[in-house]
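Student: this one's structure only:
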DNA sequence: CTGAAAGCGCTTACAG
DNA sequence: CTGAAAGCGCTTACAG
């Protein structure tokens, strides 16, 4: 047995030697098999099989200047609406030979910057962000890189590059309209400190503020996105002296906590307190009463982001304007 | 202005030229700054800043034979107990310069194999699997690769390499004991078709089967891991003619569906039907009655996997025996 | 249908 | 403290 080869993974040279041809032909078998004679092809495949050859993708990327990587930046993958968007993107990329490199930054600006640099360092061919990228320095870095970028889950006048989302302001306003129509006048908003939550609150305020006698409060120190945080949020609001008719939570998970806290206090929903959420998550449909919510087209945003990217990477012109996928108000018994 | 450089990302040569030194010194500033004179270091940093240089990690990996990547194989990141393990791993790897490359195979053996090949193709320095890697061909491939592997969430006699988990069989048995002690005799198990669920059922059966008059049924075609699937599971069991005292669900999410279905049918829990889950998830604590469950040390498994890997990669000898982190039976009002 | 040469952007000894 | 040379494992034109 020949053991002259140094330790380490099998190289394309080893396969070539075994098949009795050159490395370049092995490379062709892998990437343009039609250009190789059937017999040669078979011998190469046999050698690959026998040696357990797995091409070095770093070397391949370096030589071809194609990393095959799409970076995906997510505030937190633990939020199931975001993982839906990631799934939609993966679906769209399934047959393109592009792989997804997931970066979860846990809402930390430092982690976001570090992950973005790592993605550019891996020479990602495109970057998809769940949410806008806010930091001006990062925006400049991405623009300078020339890498296609798709921002999602929001709309903006000055996208870095491509964008597919919906108006969080309009979503907040839609919920505000609904609550007003149902004659709720004393309304609270419970959401995070992120920019999307802020936009939803702004939309809500735009609709509520002009109404005579209506009040609007906001609670944004809610900790994580959990049932417990939702319970604590409603508890904090109810323990204030203000009158309260309805609460709009920034997620169905929080709103589920609101439903449970109301039940624990013996409050009838929606008669004594109306509750609404966002995301159209399963938990909101399962609890009683089922939750009024805003349905976000999370999967579709990911899918369309993937489509826009593949077209752009294929050299097609992709319109730069932001794509608005909208949202749906889903009215159920909780309001 | 000098525009002689070809388009494309800034290279280390460009930085070197701008700083008036050689590429090798730029590389040193990045990796062993102590070996470079302070003045030179400052000039290099200035040049990096001015040009927006981001090192090509593929080239770096190829030259250094260190990819800096740890591949993480997960059945589905949507299951929050698995994402806990991933988080624990990330925590352990935070200051090591190693990055996590997440591969979610959606319980598909084909996707699992493809992701594993991609990880080896990227020359991952180590691989962590949530769950055992079952396919003998994959096990052989990994052993042959020489890459450190940590399997988690289970124990086995013949790990590919390292292992940190707990006995799913013992966990099932522990729940069985608890249910017997509480005088439940007609028990059902609702879980997935995966090997961990099978082991839990085997443990349950080991304890239940010898008991005179006791019965045990299993439902394993439950679809996804959702509240709705849990409801449907309990509904299917209740619509059978058999007597049923208690149901052990393979996840608290499923068990939550069981609680809701029981409530919808006006069944008192645990008086008419006892319900238990697994994972100690928030939803199980939030619903009423709160759920008896098995607490799995998901985060700790990830953290310890990361520690074992970094020690192994640092050249330390790491005992090959499987580490058992155990589990806890958490008894609440639902049983 | 196949191959020799050059090069992708880094880092590794080695030398001074 | 710094650099010239060689090489990591591939692929890209180019040639035949």
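Tutor: Sure thing, it's come through. Since the structure is predicted, the reported quantities are computational estimates derived from the model, not experimental observations. Numbers count the residues shown, from 1 in each chain, chains lettered A, B, ... in the order given.
Student: what residues does the stretch 51-200 of chain A put near DNA strand C?
Tutor: The stretch 51-200 of chain A has residues A:59, A:62, A:63, A:65 near DNA strand C, with proximity defined as C-beta under 7 Å from any atom of the strand. (Glycine included, C-beta is placed from N, CA and C.)
Student: dump the residue contacts of the third one.
Tutor: Taking C-beta atoms under 8 Å, 6 or more residues apart in numbering or on different chains as the criterion, residue A:63 is in contact with no other residue.
Student: Just the pLDDT at it, thanks.
Tutor: The model reports residue A:63 with a pLDDT of 95.
Student: helix or strand for it, which one?
Tutor: When elements are defined using DSSP states H and E, residue A:63 is found to belong to helix A:57-64.
Student: That helix and DNA strand D, are they touching?
Tutor: Yes. Using C-beta under 7 Å from any atom of the strand, helix A:57-64 comes into contact with DNA strand D via A:59, A:60, A:62, A:63, A:64.
Student: And that helix, what's buried?
Tutor: Neighbour-count burial for helix A:57-64, counted by 16 or more other C-beta atoms under 10 Å in any protein chain shown, picks out A:57, A:58, A:59, A:60, A:61, A:62.
Student: now the strands for chain A?
Tutor: Taking DSSP state E as the criterion, chain A carries its strands at A:69-74, A:99-104, A:126-130, A:149-152, A:162-165, A:186-190, A:215-219, A:246-249, A:274-278, A:292-296, A:323-324, A:327-330.
Student: Check the burial of residue A:292 by counting its neighbours.
Tutor: Each residue near residue A:292 was counted by other C-beta atoms under 10 Å in any protein chain shown, and the total is 26.
Student: Let me have the buried residues of helix A:57-64 in JSON lines, extended by distance to residue A:120.
Tutor: Shown next, in JSON lines, are the buried residues of helix A:57-64 (distance: C-beta to C-beta, whole Å):
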{"residue": "A:57", "distance to residue A:120": "17"}
{"residue": "A:58", "distance to residue A:120": "16"}
{"residue": "A:59", "distance to residue A:120": "19"}
{"residue": "A:60", "distance to residue A:120": "19"}
{"residue": "A:61", "distance to residue A:120": "13"}
{"residue": "A:62", "distance to residue A:120": "15"}
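Student: Outline the domain layout of chain A.
Tutor: A:12-55, A:67-166+A:298-325, A:168-296 (automatic domain parsing).
Student: Compile these into JSON lines and extend it with columns for distance to residue B:193 and mean pLDDT.
Tutor: What follows is the domains of chain A, written out as JSON lines (distance: least, C-beta to C-beta, whole Å; pLDDT from 0 to 100):
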{"stretch": "domain A:12-55", "distance to residue B:193": "30", "mean pLDDT": "94"}
{"stretch": "domain A:67-166+A:298-325", "distance to residue B:193": "21", "mean pLDDT": "93"}
{"stretch": "domain A:168-296", "distance to residue B:193": "21", "mean pLDDT": "94"}
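Student: Can I get the ones you listed in TSV including distance to residue B:153?
Tutor: TSV is the format used below for these (distance: least, C-beta to C-beta, whole Å):
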stretch	distance to residue B:153
domain A:12-55	26
domain A:67-166+A:298-325	18
domain A:168-296	23
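Student: Which one, of those domains, ends up nearest to DNA strand D?
Tutor: domain A:12-55 (2.9 Å; C-beta to the nearest atom of the strand).
Student: For the longest helix along chain A, which helices and strands make contact with it?
Tutor: Secondary structure of chain A read by DSSP state H shows that its longest helix is helix A:298-313. Using 3 or more C-beta pairs under 8 Å, 6 or more residues apart in numbering or on different chains; DSSP states H and E as the contact criterion, the elements in contact with helix A:298-313 are helix A:80-93, strand A:126-130, strand A:149-152, strand A:162-165.
Student: What are the contacting residues of that helix?
Tutor: Taking contacts as C-beta under 8 Å, 6+ apart, the residues outside helix A:298-313 that touch it are A:70, A:81-82, A:84-93, A:96, A:98, A:125-126, A:128, A:148, A:150, A:152-153, A:162, A:164-166, A:279, A:318, A:323, A:325.
Student: Of the strands of chain A, which is nearest residue B:297?
Tutor: Nearest to residue B:297 among those is strand A:99-104; the distance by C-beta to C-beta comes to 21.2 Å.
Student: any residue of the closest one up close to chain B?
Tutor: Yes. Strand A:99-104 reaches chain B (C-beta under 8 Å from any C-beta of the partner chain) through A:99, A:101, A:102.
Student: Next one: residue A:271 from chain B, what distance?
Tutor: Using C-beta to the nearest C-beta, to the nearest Å, we find residue A:271 at a distance of 20 Å from chain B.
Student: how near is that residue to residue B:12?
Tutor: 68 Å (C-beta to C-beta, to the nearest Å).
Student: go on, residue A:87?
Tutor: Going from residue A:87 to residue B:12 by C-beta to C-beta gives 37 Å.
Student: Residue A:169 now?
Tutor: With C-beta to C-beta as the criterion, residue A:169 and residue B:12 are 45 Å apart.
Student: cool, and residue A:209?
Tutor: Computed with C-beta to C-beta, the distance linking residue A:209 and residue B:12 is 56 Å.
Student: Neighbour count: these two, which is higher?
Tutor: Neighbours per residue (other C-beta under 10 Å) separate residue A:209 from residue B:12, with residue B:12 holding more: 20 against 11.
Student: give me every residue that touches the spatially closest residue to the more buried one that is not a sequence neighbour.
Tutor: What sits nearest to residue B:12 in space, not counting adjacent residues and going by C-beta to C-beta, 6 or more residues apart in numbering or on different chains, is residue B:23, at 4.7 Å. With contacts taken as C-beta under 8 Å, 6+ apart, residue B:23 has the following neighbours: B:12, B:13, B:15, B:16.
Student: Determine which two of those residues are furthest apart.
Tutor: Distances among these were taken as C-beta to C-beta; the most separated pair is B:13 and B:15, at 7.3 Å.
Student: interface residues of the stretch 51-200 of chain A facing DNA strand D?
Tutor: For the stretch 51-200 of chain A, the contact set with DNA strand D under C-beta under 7 Å from any atom of the strand comprises A:53, A:55, A:56, A:59, A:60, A:62, A:63, A:64, A:66.
Student: Separate out the buried members of the contacts of helix A:298-313.
Tutor: Of the contacts of helix A:298-313, these count as buried by 16+ other C-beta under 10 Å: A:70, A:81-82, A:84-90, A:92-93, A:98, A:125-126, A:128, A:148, A:150, A:152-153, A:162, A:164-166, A:279, A:318, A:323, A:325.
Student: Can you report how many residues lie near residue A:157?
Tutor: Counted by other C-beta under 10 Å, the residues lying close to residue A:157 total 6.
Student: if I look at it, how far off is residue A:309?
Tutor: Note on residue A:157: its distance to residue A:309, by C-beta to C-beta, is 21 Å.
Student: Same check on residue A:250?
Tutor: Using C-beta to C-beta, one gets 28 Å for the distance from residue A:250 to residue A:309.
Student: try residue A:257
Tutor: From residue A:257 over to residue A:309 (counting by C-beta to C-beta), the distance is 37 Å.
Student: neighbour-wise, which of the two wins?
Tutor: Remark: of residue A:257 and residue A:309, residue A:257 carries more neighbours, 30 against 26, as counted by other C-beta under 10 Å.
Student: For the nearest residue to residue A:175 once chain neighbours are set aside, give me its contacts.
Tutor: What sits nearest to residue A:175 in space, not counting adjacent residues and going by C-beta to C-beta, 6+ apart, is residue A:248, at 5.2 Å. Remark: with contacts taken as C-beta under 8 Å, 6+ apart, residue A:248 is in contact with A:172, A:175-176, A:179, A:187-190, A:200, A:204, A:276-278.
Student: Sounds good, over and out.
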